[in-house]
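**Student:** Provide a 3D model corresponding to the input given below.
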Amino acid sequence: MAGRKRLPIGTFGEITVQKVAVRKYRASTRYRDWDGVTRQVSWTAESRAAAAWALKKELTGRMRLGDGADGLSADSPFSDLAAAWLEDMRRDHDLADNTKDTYERELRTLVMPTFGNFTVREVTVGRVESFLKTQREKSYPRAKHSRTILGMVMSFAARREIVPRNPVKATSRLRKPKHVPKALTAEQIGLIRQAARTWRTEDGQLGPRPDGQIRDLIEVMLGTATRIGEALALRRCDVDITADPPRVYVTGTIIVSKGKGVYRQVHPKTHESNRAIVVPPFAAEVIRRRLALIAEHDEEALLFHSRKGTPLTPNNARRTFRAILASAGMEDMEITPHAFRRTGATLLANEISIQAAADVLGHTSTSTTKEHYAEPDRSVNPIAAEVLQRLAPEESFHAAPGGHQ
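**Tutor:** Residues are numbered from 1 along each chain as shown. As a prediction, the model looks like this:
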């Protein structure tokens, strides 16, 4: 006689209901879990129909919600899932260390305050939708980052079949506010340069005088349109000032990692950002001055460095830059060193092409350059006036000044 047919994983057999006491009924069935083991599952209620309905609801929740490879299930705390995702994310060698630190920080500060006390099963589409709307009321970037991080965690759960699908993908689209890149004006650049040259140089200033590194950094960033971390990561071996024209090779960036401290990463923000940039004369002159200061150092020496020879951190450079702006009365203008990159992109896009701007900035797509960096040129080609002049009336129809036709 053939044995009982094995159930497919995630399915159940016939439900039977038995009376076990006065107004007590137990519905039960066989259910084959995701570990391959068939288990008896039951539920007790005050009527046959209620017991069967409650059991079916329990089985629906268990379908495809078994234990994952990490020992997690849909009933595990969300905090356990988040910890498993962090561990998996940390093993991804394609992610930069600072990106990993950013993901961990945003998980802790944006997502966990809301979902830390839920189980994985309780991270539903409705709850995520409500969460994202609350975040959007605060700011679009906050909502966007929250959606990205929570989406990655729940995709991790879906890949391990802890949940049947990622609930974040079913939420409403976040409407991005319209953003127009803004370049610095020539007047603003002049004021910044003047402030950088004179900052803390007045008589009677207490403490050490500025070493001029931020002043020089401003010129290098203006002349190369690099990210601040890329400019701070330039070494003797990354510049060829004897070439005609001079050029710099962007091959790394400065990273501040929780585990490693401050160090030079051996590639820029993305691997595609490795590039050679021709340097204009004003920036080349500054680089020559920086090279002269480290002439006795080895080829790995940084153009910009602390008194101990260690890398300058982007945050410290930004802090000094803000102080320079404040000295010029420009602290309320919301200008950051990244504005130099947008300014370079705008000039290159308007004078050459958007592709040229993307190449210098190290973008793989011109869409990124156009959307986030190059301020659009609203001026119309002057030849349009010559073309429209063809619509002028014939001379015979012109009335003489003060006269009548």
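**Student:** when you work out contacts or count neighbours from here on, use the C-alpha atoms and nothing else.
**Tutor:** Noted.
**Student:** need the three-state assignment for Arg6.
**Tutor:** Under DSSP: H, G, I helix; E, B strand; the rest coil, Arg6 falls in the coil class.
**Student:** what sits up against the lowest-mean-pLDDT helix or strand in the chain?
**Tutor:** Every helix and strand of the chain was ranked by mean pLDDT, DSSP states H and E. The lowest is helix 48-62, at a mean of 86. With CA atoms under 8 Å, 6 or more residues apart in numbering as the contact definition, helix 48-62 has outside contacts at 10, 12, 15, 17-19, 25-28, 31, 41-45.
**Student:** over to stretch 29-44?
**Tutor:** Outside stretch 29-44, the residues within contact range by CA under 8 Å, 6+ apart are 7-16, 24-28, 51-52, 54-55, 59, 64-67.
**Student:** and the least confident helix or strand of the chain, how far out from the chain middle?
**Tutor:** Offset of helix 48-62 from its chain centre (CA atoms, centre = their mean, to the nearest Å): 44 Å.
**Student:** quick one: buried residues of that helix?
**Tutor:** Buried residues in helix 48-62, counted by 16 or more other CA atoms under 10 Å: 48, 50-52, 54-56, 59, 62.
**Student:** do the same with stretch 275-287
**Tutor:** For stretch 275-287, by 16+ other CA under 10 Å, it's 276-279, 283-287.
**Student:** residues in contact with it?
**Tutor:** 216, 219-220, 222-224, 241, 245-251, 303, 360, 362.
**Student:** hmm, 7 Å instead?
**Tutor:** 216, 219-220, 223-224, 241, 245-250, 360, 362 (CA atoms under 7 Å, 6 or more residues apart in numbering).
**Student:** what's the first-to-last distance across it?
**Tutor:** 18 Å (CA to CA, to the nearest Å).
**Student:** count of residues packed around Glu219?
**Tutor:** If you count neighbours by other CA atoms under 10 Å, Glu219 ends up with 20.
**Student:** do Leu132 as well
**Tutor:** With other CA under 10 Å as criterion, Leu132 counts 24.
**Student:** please report how far it lies from Lys260.
**Tutor:** Relative to Lys260, Leu132 is positioned 33 Å away (CA to CA).
**Student:** what's the answer for Glu202, then?
**Tutor:** In terms of CA to CA, Glu202 sits 38 Å off from Lys260.
**Student:** got the CA positions of the helix or strand hosting Arg30 in CSV?
**Tutor:** Here Arg30 sits within strand 24-32, counting by DSSP states H and E. What follows is strand 24-32, C-alpha atoms only, in CSV (Å, rounded to 0.1, in the frame of the first residue of the first chain):
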residue,chain,number,x,y,z
LYS,A,24,-14.3,24.6,22.2
TYR,A,25,-13.3,23.3,18.7
ARG,A,26,-9.9,22.6,17.4
ALA,A,27,-9.1,22.8,13.7
SER,A,28,-5.9,21.0,12.6
THR,A,29,-4.0,20.0,9.5
ARG,A,30,-0.6,19.0,8.2
TYR,A,31,1.7,21.8,7.0
ARG,A,32,5.1,21.3,5.3
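**Student:** so it versus helix 48-62, what angle?
**Tutor:** Relative orientation of strand 24-32 versus helix 48-62 (axes from the mean of the first three to the mean of the last three CA atoms, to 10 degrees): 30 degrees.
**Student:** now do strand 24-32: distance to the chain's middle.
**Tutor:** Put simply, strand 24-32 sits 49 Å off its chain's centre (CA atoms, centre = their mean).
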